[in-house]
Each structure stands twice: as structure tokens, then as C-alpha cells.
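1. Here is a sequence with its predicted model. Questions after.
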Amino acid sequence: MKVHWIPLGAGSRVVPCCGRAYEAICARRDHRPSAPLVHAALTVEHAGQLWSIEQAPAWGTGSAGPGVVVRGAVGLAWLGRSPLFGYEVRCRPGGTIPDLAQAVAHRVIPTDPTRTARLIALAPEVPAHTWGRDEMGAGDMWNSNSVIAWLLARSGHDVDAAGAPPGSRAPGWQAGLVAAGRPDEGPRPRWQRPQP
């Protein structure tokens with residue numbers, strides 16, 4: 001099992017600019033230097049197949065189709081009804097992760113068949129919190145890093161082994177750990193649960 005750390009917005013023009021602006025504001029607020037932002041994706045070998053797990057926009061390359069296990073909103077909860085303001089969690093055997101070649105670090109996570117199977121089975125249970133918001137009061141926003149942190153923690157893996165590259169920052173990681181430590185939050189609205 002590997003956690004891949006990819007520069008925020010790799011392959012995009014707009015996202016890196018927005019990310020740098022966000023990080024500049026956070027760095028100024030926290031009285032620290034700015035750091036490059038990264039986001040996490042996961043590849044897992046299980047039952048003879050390589051699975052990919054990631055959170056991505058609900059539109060564009062790789063969107064919809066088999067392996068989409070959760071959908072959520074971006075920015076405001078009610079906007080999630082539109083794919084333009086939605087994200088999806090993808091858990092696919094044989095799937096690919098766009099921009100994986102641009103990853104700046106790959107962390108090998110010790111695992112075993114039981115925990116690996118548990119992680120894959122948990123993917124449809126990832127909370128569909130609103131991306132970019134701190135709905136839990138965790139002091140951190142929900143995003144792709146939250147999804148990977150939640151899956152690793154809930155499936156009994158060593159989250160410390162997945163650490164972001166030195167000198168970088170992974171917003172959302174703490175939100176995933178906070179959510180993983182809380183009991184289930186109840187069913188999601190129908191539009192957030194893809195139908196088989």
C-alpha cells in the first residue's frame with residue numbers, strides 16, 4: 001500500500017494559484033512561512049489487483065462510472081447537487097490516478113490482507129463532508145487528504161507512516177483523523193450516495 005503525495009493542482013492552471021493564495025493567507029495568520037501544498041492519493045494491492053483510491057472533482061477525466069463510492073459538495077452543501085460543485089471518492093480496481101507521475105513522495109504503509117480488505121470495504125463509508133469547510137470544528141477543512149487519513153485510521157493503519165514530504169503542508173489531514181475518531185454520523189442524503 002502506498003500513499004502518493006502530489007503537488008496541489010498538478011496538471012491545472014487555476015488550482016495552484018488558488019492554493020498559493022490560500023496558503024499565503026494561512027501562513028500570514030499563523031505567523032509562519034508559506035509551504036508547498038500537497039494532496040494524497042492511495043494505491044493498494046489486494047486480491048491480485050491494484051486499486052486506486054482518491055477524491056477528485058465530479059466532472060472531467062475519470063468522473064462518474066464504476067468505482068465512484070461517495071459524492072459530496074464543494075464549498076456549500078446545497079451546491080453538491082451539481083457536478084460542477086461536487087467531488088467524488090473513487091475506489092477502483094485497475095484504476096489510475098491522474099498526475100501520479102508528478103508525485104513528490106510515495107510512502108509505503110505496512111499492511112496485511114485483513115487491514116487492506118477492511119480499507120477497501122470502508123471506502124463507501126467515507127463521510128461526505130463539504131469540501132473546503134470545517135463542519136466538525138476540527139480546525140481543519142475537509143478535502144482529499146481528509147479522505148485518505150480517515151481510511152488509514154479507520155482501517156487500523158499507521159497514519160504517521162504516511163507523513164507529507166518535509167517542508168510541505170497537507171491541509172485536511174487532521175480533519176480526517178478527527179472524523180475517524182468519531183462514531184458514525186448517520187446516513188447521507190440520497191444525492192451523496194451513488195447508486196450501484
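-> Alright, I've got the coordinates.
2. low-scoring stretches of this structure, by residue?
-> Counting by pLDDT under 70, the chain shows low-confidence ranges at 9-21, 23-24, 27, 60-64, 80, 184-196.
3. hey, where'd the strands end up in the chain?
-> Here the chain has its strands, by DSSP state E, at 2-7, 38-46, 49-57, 68-73, 86-93, 105-108.
4. Partner strands of the shortest one, with direction?
-> As defined by DSSP bridges, the strand partners of strand 105-108 come to strand 2-7 (antiparallel).
5. got the contact list for the strand it pairs with?
-> Here strand 2-7 makes contact (Cβ atoms under 8 Å, 6 or more residues apart in numbering) with 16, 36-43, 97, 99-100, 102-109, 148, 152, 162, 164-165, 168, 170. C-betas here are computed from N, CA, C, even on glycine.
6. now do stretch 133-143
-> Residues outside stretch 133-143 that contact it (Cβ under 8 Å, 6+ apart): 39, 55, 75, 127, 129-132, 146, 171-176, 178-179, 182.
7. Could you pull out the buried residues of that stretch?
-> 133-134, 136, 138, 140-143 (16 or more other Cβ atoms under 10 Å).
8. and it, how far from the chain's centre?
-> Stretch 133-143 has its average C-alpha position 13 Å from the chain's average C-alpha position, going by Cα atoms, centre = their mean, to the nearest Å.
9. spatially speaking, which residue is in the middle of the protein?
-> Ser144 (2.1 Å; Cα atoms, centre = their mean).
10. quick one: that one and Val38 touch, right?
-> No. In this structure, Ser144 is not within contact of Val38 by Cβ atoms under 8 Å, at 9.9 Å.
11. Please point out which parts of stretch 77-95 sit buried.
-> Going by neighbour count (16+ other Cβ under 10 Å), the buried part of stretch 77-95 is 77, 80, 85-92, 95.
12. start to end distance for it?
-> End-to-end distance of stretch 77-95 (Cα to Cα, to the nearest Å): 28 Å.
13. List the residues that contact the residue lying closest to His4 once chain neighbours are set aside.
-> Nearest residue to His4, sequence neighbours excluded (Cβ to Cβ, 6 or more residues apart in numbering): Ala103, at 4.4 Å. The neighbours of Ala103, taking Cβ under 8 Å, 6+ apart as the test, are 4-6.
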